[in-house]
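K.L.:
Structure, please.
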Amino acid sequence: MNARKSRRLAAAVMVVGALTVTTACSSGNSSDGAKPEASKSKIAAASVAVGTAADSTGPAIAEPNAKKGGTVNMIDRDDFSHLDPAQVYVNTNSEVSLLFTRQLTGYKYLPDGTQKLVGDLATDTGTTTDGGKTWKFTLKDGVKWQDGTAITSADIKYSIERTFAPFVKSGPTYIQQWLSGSVDKYREFYPGPYEGKELDLVQTPDPKTVVITFADVHPDANFTLAMTGYGVVPKAQDTKEAYDKKPFSSGPYQIAEHVTDKSLDLVRNPNWDPATDPIRNAYPDKWHMEFGVQQQPSTERFLADNGPDKTAFSFHNTVYRTYIDQVKNGDEKLKARTLQGLTPYVDYYYINNSRIKDQKVREALIRAFPHQQTRQLSGGTSYGDYATNYMSPTVLGYEANDKYDILKHPEGDPEAAKKLLAEAGATGQTIVYAFNNTPVQQQLTESIRVALEKAGFKFVPKPLDPKTYYDAIGLINNEYDLYWGGWGADWPTGYTSLQPWDGRTIADGASNYAHYNDPELNKAMDEAAKIADPVAQGKAWAAIDRKLQDAAASIPDVYQRSLSLYGSGLGGVKYDSIFGLQYPLNIYVK
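P.N.:
Below you'll find the predicted structure:
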């Protein structure tokens with residue numbers, strides 16, 4: 001999941017057995033001024049287990065002392081770019097969609113802070129008898145649309161079919177690829193439902209049963225189907241592109257009004273039955289969401305805690321960097337409404353392997369890189385922990401390594417880099433560095449320039465328009481050697497965490513920004529994805545991570561953290577390790 005869009009749906013390490021299939025008889029920039037640590041961070045990852053049919057029954061686990069009623073306010077920088085489930089991939093879009101869109105499966109928040117995969121619309125997390133090639137789901141009784149009509153297996157089938165439509169360009173593509181057996185030609189396999197053709201690989205033998213048959217085995221497909229991108233859409237209400245602004249509700253709330261870039265208002269859906277829903281509490285009567293509030297003023301409003309802001313929270317806006325000390329060292333009342341946690345995202349500085357072909361030069365870039373300086377400018381320890389791996393610590397199979405002594409030399413090791421450049425005969429090699437032309441990124445660029453020039457590189461900065469930054473670096477034939485990007489897993493396995501390094505995903509606008517392609521590694525990724533045992537699968541992904549380290553494919557920078565505030569008039573506000581955001585489903589007005 002791309003961190004420019006903050007893609008990444010699953011942020012937790014699964015417990016042993018979480019991926020075992022059953023048979024039929026289952027980023028803000030801030031600065032805290034703290035001294036950067038030079039030792040390995042102690043990271044406590046969450047866990048996600050697969051729940052039973054009993055776990056999948058409603059209602060959701062009640063929040064202690066919660067009461068119904070009132071209006072919750074949300075203040076944020078941006079409007080939601082997409083609300084049509086098929087177009088939803090950004091974590092903020094996914095989080096808000098939990099209020100009005102349901103999927104076959106989803107994540108249930110437990111009292112100890114962990115989450116469990118359970119059936120959402122389905123009675124359980126699905127069954128498979130062939131290792132994950134064929135999946136069967138049964139819908140619950142009593143699940144309805146906002147107009148009171150029943151949600152049926154035909155709705156599930158149609159919702160999957162429309163993800164193939166040409167206008168759907170922003171959502172996940174896993175299910176489409178797995179059904180078609182093709183990474184990049186799935187639209188040629190099936191054009192979507194609008195020409196009257198059905199997708200035979202999704203069968204509905206009765207109104208309650210859905211059977212999905214993939215081209216190959218995918219033992220963690222029940223996690224994939226928890227993505228909001230595979231949320232349900234009714235054929236009778238499908239308005240194609242226009243559906244993105246006002247989707248039809250299957251959850252506890254429905255959209256009353258959506259003024260683009262200004263506000264979104266939700267009211268109760270009278271036909272949602274809490275007895276069918278193990279995931280969602282619905283305490284507030286209304287939600288009012290305000291857009292256009294930048295990170296600094298939102299932090300100031302949360303600190304002031306006045307008027308409607310007492311009952312406000314934020315999905316996207318974290319604490320502005322100049323207020324981090326105040327927030328982290330504030331009084332107990334302030335700490336009581338502060339949330340922080342490790343996100344699933346890893347920041348990388350991608351090395352363009354199409355241009356930097358000499359591995360010693362890539363190793364020199366890694367050795368020279370000033371992690372300490374760039375992290376401090378981004379927010380210090382509150383922004384993240386130094387990254388040494390390509391996988392996040394929140395992903396199944398993570399094994400800490402420090403092949404390039406990043407923890408020993410977080411400020412960079414220019415002498416080691418100089419030696420590598422000399423061995424490669426590349427002293428003085430030019431590095432064209434592309435960056436978002438913003439004040440903070442300008443400062444980061446200067447720190448990188450100093451470090452690389454000290455190591456023997458020639459540095460050429462190339463500022464880019466932030467609005468088109470990813471369009472520019474996403475071109476196969478871009479003119480840059482080094483550029484920032486981020487990624488996080490869509491569910492808690494290495495499959496999605498390491499997706500940007502699959503050589504078959506090299507394309508304009510695709511996830512492989514490093515243009516890294518190793519056929520043996522591609523094959524190893526295919527084999528790892530088929531392993532049903534979670535421990536064995538984790539070890540396979542760890543081995544792939546080590547291969548990327550050995551190849552010096554790019555520069556892992558930090559494992560991102562989050563620090564945020566909310567109003568004193570709210571209760572039940574929690575940190576969501578799946579999306580790396582504030583979690584709305586237990587929020588209530590005190």
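
K.L.:
pull the CA atoms of stretch 442-449 into CSV?
P.N.:
Taking C-alpha atoms only, stretch 442-449 is exported to CSV below (Å, rounded to 0.1, in the frame of the first residue of the first chain):
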residue,chain,number,x,y,z
GLN,A,442,13.6,21.2,1.1
GLN,A,443,15.3,20.8,4.5
LEU,A,444,15.5,17.0,4.1
THR,A,445,17.0,17.4,0.7
GLU,A,446,19.8,19.7,2.0
SER,A,447,20.7,17.1,4.7
ILE,A,448,20.9,14.4,2.1
ARG,A,449,23.0,16.6,-0.2
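
K.L.:
Give the buried residues for that stretch.
P.N.:
Within stretch 442-449, the residues scored as buried using 16 or more other Cβ atoms under 10 Å are 443, 444, 445, 447, 448, 449. All C-beta atoms are positioned from the backbone trio N, CA, C, and that covers glycine.

K.L.:
quick one: which of those residues sit in helices?
P.N.:
Among those, DSSP state H puts 443, 444, 445, 447, 448, 449 in helices.

K.L.:
If the nearest residue to the last one once chain neighbours are set aside is in a bridge, with which residues?
P.N.:
Leaving aside its sequence neighbours, residue 449 sits nearest to residue 459 (Cβ to Cβ, 6 or more residues apart in numbering; 4.5 Å). With DSSP bridges as the criterion, residue 459 is bridged to residue 431.

K.L.:
roughly how far apart are residue 459 and residue 534?
P.N.:
44 Å (Cβ to Cβ, to the nearest Å).

K.L.:
The two: which has the busier surroundings?
P.N.:
Shown here are residue 459 and residue 534; by other Cβ atoms under 10 Å, residue 534 has more neighbours (23 against 19).

K.L.:
So that one is in contact with residue 396, correct?
P.N.:
Yes: between residue 534 and residue 396 there is a contact under Cβ atoms under 8 Å: 6.0 Å.

K.L.:
Check the secondary structure at residue 323 for me.
P.N.:
helix (DSSP: H, G, I helix; E, B strand; the rest coil).

K.L.:
Which helix or which strand is home to the residue lying closest to it once chain neighbours are set aside?
P.N.:
In space, residue 323 comes closest to residue 299 once its chain neighbours are excluded; the distance is 5.0 Å by Cβ to Cβ, 6+ apart. Secondary structure from DSSP states H and E places residue 299 in helix 295-304.

K.L.:
And what about residue 310, helix, strand or coil?
P.N.:
helix.

K.L.:
and what of residue 138?
P.N.:
Under three-state DSSP, residue 138 comes out as strand.

K.L.:
quick one: contacts for the residue lying closest to it once chain neighbours are set aside?
P.N.:
With Cβ to Cβ, 6+ apart as the criterion, residue 138 has its nearest non-adjacent residue at 4.8 Å, and that residue is residue 123. By Cβ atoms under 8 Å, 6 or more residues apart in numbering, the contact set of residue 123 is 53, 56, 137, 138, 139, 140.

K.L.:
isn't residue 142 right up against residue 275?
P.N.:
Yes: if you go by Cβ under 8 Å, residue 142 and residue 275 touch, sitting 6.7 Å apart.

K.L.:
between those two, which one's more packed in?
P.N.:
residue 142 (14 against 11).

K.L.:
so what pLDDT did the more buried one get?
P.N.:
pLDDT, residue 142: 97.

K.L.:
ditto for residue 110
P.N.:
In this model, residue 110 carries a pLDDT of 93.

K.L.:
Around it, count how many other residues there are.
P.N.:
Residue 110 has 14 neighbouring residues, counting by other Cβ under 10 Å.

K.L.:
Let me see the contact set for the spatially closest residue to it that is not a sequence neighbour.
P.N.:
Leaving aside its sequence neighbours, residue 110 sits nearest to residue 116 (Cβ to Cβ, 6+ apart; 6.0 Å). Remark: with contacts taken as Cβ under 8 Å, 6+ apart, residue 116 is in contact with 48, 49, 50, 51, 55, 107, 108, 110.

K.L.:
And for residue 365?
P.N.:
So, once contact is read as Cβ under 8 Å, 6+ apart, residue 365 ends up touching 351, 356, 417, 431, 452, 457, 482, 552, 555.

K.L.:
Swap in 7 Å and give it another go.
P.N.:
Residues in contact with residue 365, defined by Cβ atoms under 7 Å, 6 or more residues apart in numbering, are 351, 482, 555.

K.L.:
Run a quick neighbour tally on the first one.
P.N.:
Residue 351 sits with 24 neighbouring residues when counted by other Cβ under 10 Å.

K.L.:
close enough to count as contact, it and residue 363?
P.N.:
No: counting by Cβ atoms under 7 Å, residue 351 stays clear of residue 363, with 10.0 Å between them.

K.L.:
Could I get the buried residue list for the top helix by length along the chain?
P.N.:
Secondary structure assigned by DSSP H gives helix 534-551 as the longest helix of the chain. Across helix 534-551, burial judged by 16+ other Cβ under 10 Å covers 534, 537, 538, 539, 540, 541, 542, 544, 545, 548, 549, 551.

K.L.:
got a pLDDT number for the nearest residue to the fifth one once chain neighbours are set aside?
P.N.:
To tie it back to what came earlier, the one meant is residue 540. Spatial nearest neighbour of residue 540, excluding adjacent residues (Cβ to Cβ, 6+ apart): residue 528 at 3.7 Å. Looking at residue 528, its pLDDT is 93.

K.L.:
With residue 176 instead?
P.N.:
96.

K.L.:
Can you tell me how far it is from residue 125?
P.N.:
Distance from residue 176 to residue 125, by Cβ to Cβ: 21 Å.

K.L.:
neighbour-wise, which of those two wins?
P.N.:
residue 125 (29 against 24).

K.L.:
Next up, the contacts around the residue lying closest to the more buried one once chain neighbours are set aside.
P.N.:
Of all residues beyond its chain neighbours, the one nearest residue 125 is residue 222 (4.5 Å), with distances taken as Cβ to Cβ, 6+ apart. Residue 222 makes contacts with 26, 105, 117, 125, 126, as judged by Cβ under 7 Å, 6+ apart.

K.L.:
What of residue 447?
P.N.:
Residue 447 makes contact with 370, 373, 374, 377 under the criterion Cβ under 7 Å, 6+ apart.
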